[in-house]
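Peer 1: What would the 3D arrangement of this be:
(2 chains)
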2 protein chains.
Amino acid sequence: MAKSQLKNFSKLSDWFTDIILKAELADYAPVKGCMVIRPYGYALWEGIQNFLDKLIKDHGVKNAYFPIFIPMHYLQKEKEHVEGFSPQLAVVTIGGGEELTEKLAVRPTSETVMYDMYKKWTSSWRDLPILINQWCNVVRWEKRTYLFLRTSEFLWQEGHCAHLTHEESLETTLWALNAYEKTYNQLLGMYGIKGKKSQSEKFPGAKDSYTFECLMPNGKALQAATSHDLGQNFSHSFDWTVQDQNKNKIYPWQNSWGLSTRAIGGLIMAHGDDNGLKLPPAIAPIQLIIVPIPGYEKSLIKAKEIYQQLKKTYRVEIDNREGETAGFKFNKWELKGVPLRLEIGDRDLDNNSVILTRRDNNQKITVTFDNLESEIKNQLKDIQIKLFDAHKKFTQKHTYTANTYDEFKKIMSENRGFISSFWCENPDCEAQIKADTKATTRCLPLNSKEEKGRCVHCGQPAKYRWLFALSY
Amino acid sequence: MAKSQLKNFSKLSDWFTDIILKAELADYAPVKGCMVIRPYGYALWEGIQNFLDKLIKDHGVKNAYFPIFIPMHYLQKEKEHVEGFSPQLAVVTIGGGEELTEKLAVRPTSETVMYDMYKKWTSSWRDLPILINQWCNVVRWEKRTYLFLRTSEFLWQEGHCAHLTHEESLETTLWALNAYEKTYNQLLGMYGIKGKKSQSEKFPGAKDSYTFECLMPNGKALQAATSHDLGQNFSHSFDWTVQDQNKNKIYPWQNSWGLSTRAIGGLIMAHGDDNGLKLPPAIAPIQLIIVPIPGYEKSLIKAKEIYQQLKKTYRVEIDNREGETAGFKFNKWELKGVPLRLEIGDRDLDNNSVILTRRDNNQKITVTFDNLESEIKNQLKDIQIKLFDAHKKFTQKHTYTANTYDEFKKIMSENRGFISSFWCENPDCEAQIKADTKATTRCLPLNSKEEKGRCVHCGQPAKYRWLFALSY
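Peer 2: Sure, this is the predicted structure:
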C-alpha cells in the first residue's frame, strides 16, 4: 500500500541533489565536504532564524558568541564527549606562520568552551540560571557531501543553559524541544514525533537526549532537532560549583539544544515533487510570483501596479525578464516552489481579473481585482495547512506496528517508515536489530504509556513501544 | 587646548578594557587572541546587524553563506592578496583524523572562494550584477588581544558584488560606504570622515579602497569600515569572463565591503566616560531602566505597571533584584550606559510623578505619569542627537591643519587628532612621516578640491590635502 506513495522517490537522493542545484538553493564548494548556501537557500535559513530566534528570546534566552577555536585539552575534559567528536575534528596546527604549541579544534559543538566561561562568571545561586544561545557555524569532518544533510561545515544555533536544579533544567530541555516542534509545524509545515533517545543514540556527554523525528518520503527518518539534558556531567568535569541559598556547593544542572541547516534538507524532501520544490507560504522567500504574459503592454503596467500594492503585505516578486516565454517562467517558479503564481494577460485585463495558480495542487483560480488581496490571503493560509496535513497524513500512513521480528523485517524490506515495537532497552538487541534490518531506535515517544510487552527481537519483558526506522 | 579634553582618557586603553569587562560586554577566551562576546555586547552587534542588513537588502543585495575553509592555492591566485594575508592565517592541516593533502586556511576574508563560485554561476551579461553579502566569522591571527579592536577571530559582514562596468561597480562601492556612514551617524551616534585610502594603505588586491574614519577621544583614528573597488584584478586572476550584449568577453568589475565587531569598540570609546558606557538610544539594548526604590511596596507595584506599559514601545527593563541598594543599582546601570533611568519611590508616587535621569548629562527631570511616554520619547531623541553632536564637535575640534612639517610634528607630539596636510602622494614620503611621527595617511576626504600645494614633508608639488592620524 505504501510502496506506491514512495515510488516517485525511489531515486530520492538524485532528485534531492538535482532540485537543490537547479533551484539554486546551494552548490558544492571547492573544499571537499563543504557547501555554498546560495541566496535562495539562505533566505530559507533566515526565515528559520527569524521564527526560532523570536521563540528563544521570548523565553528569556539571550544570544552571545563564543570562539570558533577550542583548545584540544578542553574537549578532553568530558570523556564521552571527546570520544564522540574526535574522529570528526578539523584541527588548526599553524597560526600566524608558527606551529602552535597546543592544537586547536574548530568547534564541532561548543559545550566545553562555553562551560569554562560559565564557571568563571558564576559563584552563587544568584548568578543562575544562565540562558544563552548562539547562532554560528560548526565543523564535523565528512568525506562525502550530501547537500544540507551531511556537510563538513554547517550552520546552526546551539542553546546552552545552566540551572540550580534538575527540574528546572529538564523544563528548559523540553521547552526547547517544543520550540523546535513549533518551528517545524507552523513554519516548515512538517509533522514529526517528539521523544527520548536510547542511551546508545544519545549525545556524547548527555544524561538524556530528546529529539524531534520527521519521516521523509522514502521512509527514512530525519533527526530534525535535538535537546539534551546534560545532567551534571559537564559541571563535574569542569569542577564547576556555585553556592546555593544555604551555602552548600551545588554542581549546576545543564542542557544544550540545537537546530541546524539540515532542517532545510528536510523541508525540501518533505514537500517536493517531480516538478521541484513546494514551499509552505510561511517560509517561502517569495510567496507569490507575478508573471505578466510576455508581449502585452497593458498587462505589464497592471502587473507592476499589483506588485506595488501586494509588496506591502507579501513577499512578492514580478518576473518581467525579457527573452523568456511564459511557459519557461512558469516552470522556473514551479521548480523554486513559490506557493502562488499570479498570471495576467490582456484578456484577463479585459475581464478585470487575473489567474492564481497554486503550487501545491495546481489548482487555477480566476480572481477579480477587487477580491485579489483577500483571495491571496486565504489561499496562502490554506496552502500552509494543506502541506502540513499532507505530511502528517503521510507520516501516520507510514507508521507501522510490528509485534513480531518477522513482521518488523518484512516492513523494513518492503514499505519502510516508522515502526512501533516493544524493545527491552538492551543495547545488544538494539545493535542486532540494526545489523539485521538497518533500522535504529529513533525515540521513545513522549508520554508513551507503560505496558506489559515483550521485546520484538529477544522476547524478554519490555515496558515501552519504541519507534524504529532507517535514518539519515 | 585639546589636551584637557583628552586627559581623562590618557589611560584610555586601561579604561576601555576595564569597562568592557565590568559592563559584561565581552571577556577573554581561553584561546589566545580570541574573545567571548557576552549577551550585552552581542545585543549591540544584533542592533548593528538589524540596521545595516535592512540597508543592504533595500539595495537589492542578498545574503548567502560560503565555506569557512579556503584551499591554500585559492588564496594564492591574487598576488597582493596572498601577500597581505599570509602572515595572519590560521591553517587546518588535519581533518577527520588524517593529514590533509592540501592545507586549508580559515577564511581571513572570502574574495577568493566566492569569486570562484561566481565564475561558475555566470556566462552572460544577463547573469550580472551579482549582489551578495554574508554575515560570518573570520580569522586573522593576532598575538595580543585588544577586545573588539584586535582579536584573532571577529564577526563581520562582507559584501561582494560584480558588475558589467566599472561605473556600476564604483557606484556600489560608494553606496556601501554611505550605508556605513548612515549606520555610524544614525545608529551609533558617531561622526566620521569618508575618503579614499592611499595606495600603500589600500586592501591587498584592490584597485582603490574607501574608508570611513572616526576619531577616538585619545586622538587616534579608527578605520571604522571599508569599501573596496577591486577593479578587474580578481576577475583577471580567476580568468573569469562573461559575454556582453555584443558577444564580447568582459572581465567583470568587482567590489567588496565590510563592517565588523570593531564598530563596537569605536562605540564604547566615542561616548564613554569615567563612569562607564554611554549608549545612544538607537543602539542601546536597554533604552530605559526602571529602578523602584527598594523597600517601598506601593512604588514597586506602580513600577511594574509602568514597565508593562512602556515595554510595548521601548526596550525597557525593571531592576527589582533584592539585596542591592538603590545607589548600587544606579551605578550598575550607569556603567552599562543605559540612556535613561526612571526611579520611583513612595514620595514620588504621592506626587503622581517619577524622576528620569539622563546618562549623557546627568540631568534629572521630574515627570508626571500623564506626560511620561511623551517625555521619554523626547528625551531619547534628544540624547541620540546630543551624543552625535558631541562626537562631531570633538572631531572637528581635534582636526588640525599643518602647513609645515614642524607644525605637523608638534601636533602629533602634543594634541593629536586628524591632521590635514598637503602630501605629494609619494609612498616614500608617507613612510618617512610614519617613521618620524607614527602618523599614517588615513584618507583623502571625498570631494576634496584640487589645489596648488606643497607636500608637508618634501615640499614637492601636491594637489590634495590628505588626512593624517595615529591609527588603531
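
Peer 1: for the record, mean pLDDT for stretch A:441-457?
Peer 2: Averaged over stretch A:441-457, pLDDT sits at 97.

Peer 1: Identify the residues contacting residue A:422.
Peer 2: Taking C-beta atoms under 8 Å, 6 or more residues apart in numbering or on different chains, we find residue A:422 in contact with A:403, A:451, A:453-456, A:462, A:464-466. No exception for glycine: its C-beta is placed from N, CA and C like everyone else's.

Peer 1: Three-state assignment for it, please.
Peer 2: The three-state label for residue A:422, taken from DSSP: H, G, I helix; E, B strand; the rest coil, comes out as strand.

Peer 1: That one pairs with what?
Peer 2: Beta-bridge partners of residue A:422, counted by DSSP bridges, are residue A:465.

Peer 1: residue nearest the centroid of chain A?
Peer 2: Nearest residue to the geometric centre of chain A (C-alpha atoms, centre = their mean): residue A:263, 2.4 Å.

Peer 1: how near is it to residue A:137?
Peer 2: Applying C-beta to C-beta, to the nearest Å, the value for residue A:263 to residue A:137 is 15 Å.

Peer 1: repeat for residue A:86
Peer 2: Counting by C-beta to C-beta - residue A:86 and residue A:137 are separated by 20 Å.

Peer 1: Can you give me every residue that contacts the nearest residue to residue A:354 once chain neighbours are set aside?
Peer 2: Spatial nearest neighbour of residue A:354, excluding adjacent residues (C-beta to C-beta, 6 or more residues apart in numbering or on different chains): residue A:344 at 4.6 Å. By C-beta under 8 Å, 6+ apart, the contact list for residue A:344 reads A:290-293, A:299, A:302-303, A:306, A:354-355.

Peer 1: can you rerun that using 10 Å?
Peer 2: Listed by C-beta atoms under 10 Å, 6 or more residues apart in numbering or on different chains, the contact set of residue A:344 reads A:290-293, A:296, A:298-300, A:302-303, A:306, A:353-355, A:369.

Peer 1: Okay, and the beta partners of it?
Peer 2: residue A:292.

Peer 1: Domain boundaries for chain A, per the record?
Peer 2: Domains of chain A are assigned by automatic domain parsing as A:3-271, A:288-395, A:399-469.

Peer 1: most packed of those domains?
Peer 2: Among these, domain A:3-271 has the highest mean neighbour count (mean count of other C-beta atoms under 10 Å in any protein chain shown), at a mean of 20.

Peer 1: quick one: the strands in the stretch 251-400 of chain A?
Peer 2: Secondary structure of the stretch 251-400 of chain A by DSSP state E, counting those that start in this stretch: the strands cover A:253-260, A:288-292, A:316-318, A:340-344, A:353-358, A:364-368, A:399-401.

Peer 1: Export these as JSON lines, with columns for mean pLDDT.
Peer 2: Putting those into JSON lines (pLDDT from 0 to 100) gives the following:
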{"stretch": "strand A:253-260", "mean pLDDT": "98"}
{"stretch": "strand A:288-292", "mean pLDDT": "97"}
{"stretch": "strand A:316-318", "mean pLDDT": "97"}
{"stretch": "strand A:340-344", "mean pLDDT": "96"}
{"stretch": "strand A:353-358", "mean pLDDT": "96"}
{"stretch": "strand A:364-368", "mean pLDDT": "95"}
{"stretch": "strand A:399-401", "mean pLDDT": "97"}
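
Peer 1: wait, which of the ones you listed is closest to residue B:43?
Peer 2: Closest approach to residue B:43 among these (C-beta to C-beta): strand A:253-260, 20.9 Å.

Peer 1: partner strands of that closest one, parallel or antiparallel?
Peer 2: Applying DSSP bridges to the sheet, strand A:253-260 is found paired with strand A:153-163 (antiparallel), strand A:221-231 (antiparallel).

Peer 1: Downstream of the last one, the next helix or strand is which one?
Peer 2: Meaning strand A:221-231. Where DSSP states H and E defines the elements, the next helix or strand beyond strand A:221-231 is helix A:233-237.

Peer 1: Save the strands of the stretch 251-400 of chain A as TSV, and put in distance to residue A:126 too.
Peer 2: Listed next are those as TSV, based on distance: least, C-beta to C-beta, whole Å:
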stretch	distance to residue A:126
strand A:253-260	16
strand A:288-292	52
strand A:316-318	50
strand A:340-344	53
strand A:353-358	55
strand A:364-368	60
strand A:399-401	47
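
Peer 1: for chain A, which helix is longest?
Peer 2: helix A:372-397 (DSSP state H).

Peer 1: What average pLDDT does that one get?
Peer 2: The pLDDT scores in helix A:372-397 average 98.

Peer 1: Which other helices and strands does it contact?
Peer 2: In terms of contacts (3 or more C-beta pairs under 10 Å, 6 or more residues apart in numbering or on different chains; DSSP states H and E), helix A:372-397 is packed against helix A:3-6, strand A:208-215, helix A:262-271, strand A:288-292, helix A:297-310, strand A:340-344, strand A:353-358, strand A:364-368.

Peer 1: Can you add distance to residue B:442 and give these back as a markdown table?
Peer 2: Shown next, in a markdown table, are these (distance: least, C-beta to C-beta, whole Å):
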| stretch | distance to residue B:442 |
| --- | --- |
| helix A:3-6 | 65 |
| strand A:208-215 | 53 |
| helix A:262-271 | 43 |
| strand A:288-292 | 47 |
| helix A:297-310 | 44 |
| strand A:340-344 | 52 |
| strand A:353-358 | 56 |
| strand A:364-368 | 59 |
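
Peer 1: Next, give phi and psi for the nearest residue in space to residue A:81 that is not next to it in sequence.
Peer 2: Closest residue to residue A:81 apart from its sequence neighbours, by C-beta to C-beta, 6+ apart: residue A:205 at 3.7 Å. Main-chain torsions, residue A:205, degrees, to the nearest 10: phi 110, psi -10.

Peer 1: what separates residue A:205 from chain B, distance-wise?
Peer 2: Using C-beta to the nearest C-beta, to the nearest Å, we find residue A:205 at a distance of 18 Å from chain B.

Peer 1: Can you convert the strands paired with strand A:253-260 into CSV and add a column each for mean pLDDT?
Peer 2: Converted to CSV, these look like this (pLDDT from 0 to 100):
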stretch, mean pLDDT
strand A:153-163, 98
strand A:221-231, 98
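
Peer 1: quick one: which of the ones you listed is nearest residue B:146?
Peer 2: strand A:153-163 (26.8 Å).

Peer 1: Which residue, other than its chain neighbours, is closest to residue A:38?
Peer 2: With C-beta to C-beta, 6+ apart, the residue lying closest to residue A:38 is residue A:24, at 5.0 Å.

Peer 1: Spell out the secondary structure type for that neighbour.
Peer 2: On the basis of three-state DSSP, residue A:24 is classed as coil.

Peer 1: Please give me every residue in contact with it.
Peer 2: Each residue near residue A:24 by C-beta under 10 Å, 6+ apart is listed here: A:38-41, A:335-336, B:121.

Peer 1: One more: residue A:375?
Peer 2: A:340, A:354, A:356, A:365-368.

Peer 1: coming back round to it: wait, which of the strands paired with strand A:253-260 is closest to residue B:48?
Peer 2: strand A:153-163 (19.2 Å).

Peer 1: how far out from the middle of the chain is that closest one?
Peer 2: 14 Å (C-alpha atoms, centre = their mean, to the nearest Å).

Peer 1: just stretch A:194-207 next, same as before
Peer 2: 18 Å.

Peer 1: Flag every residue of the stretch 301-450 of chain A that's near chain B.
Peer 2: A:321-323 (C-beta under 10 Å from any C-beta of the partner chain).

Peer 1: Can you tell me, leaving aside adjacent residues, what's nearest to residue A:285?
Peer 2: Excluding its sequence neighbours, the residue lying closest to residue A:285 (C-beta to C-beta, 6+ apart) is residue A:43, at 3.6 Å.

Peer 1: Would you mind giving the secondary structure of the one you found?
Peer 2: Per three-state DSSP, the secondary structure class of residue A:43 is helix.

Peer 1: Tell me the one of the contacts of residue A:375 nearest chain B?
Peer 2: Among the contacts of residue A:375, residue A:340 lies closest to chain B (C-beta to the nearest C-beta), at 21.2 Å.
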